[in-house]
Each structure stands twice: as C-alpha cells, then as structure tokens.
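**Student:** Just a sequence and a predicted model for now, questions to come.
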Amino acid sequence: MNNKKFKKLAVAFSGPSNSGKTTLIVKVSNILQDRGNKVCIVKHDPKDKARFDTPGKDSDKFSQTGADVAVVSPNRTTLFKKQSSSIDELIELFGDFDYLLVEGLKTLPLPRISIFRNSLDEKYFDVTDAIAFDDTINGDDIPSNIDKLDLNNPDEVIQWVEKHSKRV
C-alpha cells in the first residue's frame, strides 16, 4: 500500500504569447517528475482552440451529440466536458498530486510567475508574484515587490515554487 503524502501545491504561470510559458512549464514538470513528484497541468484555452478528438472517430461522434464523454483506456482517461471547469473541480478530478501547474487563468488567486522575453507588459504586474525573464529584459525595470527569476534556470523557478506555492 502506498502511504505517500501528496504535497498538493499549486502555482500559476502567465505571460504574453510566445514568451516561453509552455517551455518553462515543460522543464519544471520534467524536473519535478524526475524527483518523484506527481505533476498535473491545467492550460487555459481562452479562444477554445484546443482539439483532442479526431474528427469522425467514435469519441468525436459521441461528443457531437452534446453529451459529456469520457474515454477510458489502459493508460489514460480523457474527458470531453461541454462546459468549463472550476479549478476546484479539476483539483478534485486529478485526485492526488504534488504539484499543479496552471498556465494562464489570470483571475485565479494562486501564486503567479509571469514570463517575459524581449519586453515587459505592466498589465501583468498586479497579478504577479515573480517574473521569470532572460537577458533581453532589464531586471531594473521590474518593480522591487516582485521576485526576479532566471527564465533559463528551471531549478531556480522550482525553488521559488516550493517556497511560495499555495496548498490546495
């Protein structure tokens, strides 16, 4: 019987398109998993662009009926739900995990790392606890109340995450 105590820590990542959010989340997720952690990731898809089922296949045909559909296979469960889910619903759905990494969803009250390359966007400052940036950004332009992280140093980002994540 596995008596592992899961950490259940959540943190969010924001930033403009092409700033490197996905790349950083992938690096952080891989390192955390290499260290034996269970990681879950939520991606915000504000324009409803993501597609998971193949047109013409059974799961797509079921989904077209308007019903919610779960596809269960030996190694995964895929859920096609016809409405958005709250973060609390997703946390319940994921069950046990150590880290929940959220991309986007700026309105969520989670500790948040914003990612910038080439230019800073001050619109993010109000919802940001830390900024991960590379040498295309002048760190002096970042407000002093926001932690500064090296975008190219995922270990430094993970140290921040371990210290500042919200237990959910």
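**Tutor:** Nice, thanks for sending it over.

**Student:** out of everything not next to it in sequence, what's closest to the one residue sitting closest to the centre of the chain?
**Tutor:** Against the mean C-alpha coordinate of the chain, by CA atoms, centre = their mean, the closest residue is Val102 at 2.3 Å. Sequence neighbours aside, Ala12 is the residue nearest to Val102 in space, at 4.2 Å (criterion: CB to CB, 6 or more residues apart in numbering). The C-beta positions use only the backbone N, C-alpha and C, and glycine is treated the same way.

**Student:** what about dumping the CA coordinates of the helix or strand containing that neighbour to PDB?
**Tutor:** Applying DSSP states H and E as the criterion places Ala12 in strand 9-14. Output in PDB follows, covering the C-alpha atoms of strand 9-14 (Å, rounded to 0.1, in the frame of the first residue of the first chain):
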ATOM      1  CA  LEU A   9       0.800  22.600  -4.200                       C
ATOM      2  CA  ALA A  10      -0.500  24.900  -6.900                       C
ATOM      3  CA  VAL A  11       1.200  27.700  -8.800                       C
ATOM      4  CA  ALA A  12       0.200  29.600 -11.900                       C
ATOM      5  CA  PHE A  13       2.300  30.800 -14.900                       C
ATOM      6  CA  SER A  14       1.300  33.800 -17.100                       C
END
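
**Student:** strands paired with that strand, and their directions?
**Tutor:** Sheet pairing of strand 9-14 (DSSP bridges) gives strand 99-103 (parallel), strand 112-116 (parallel), strand 166-167 (antiparallel).
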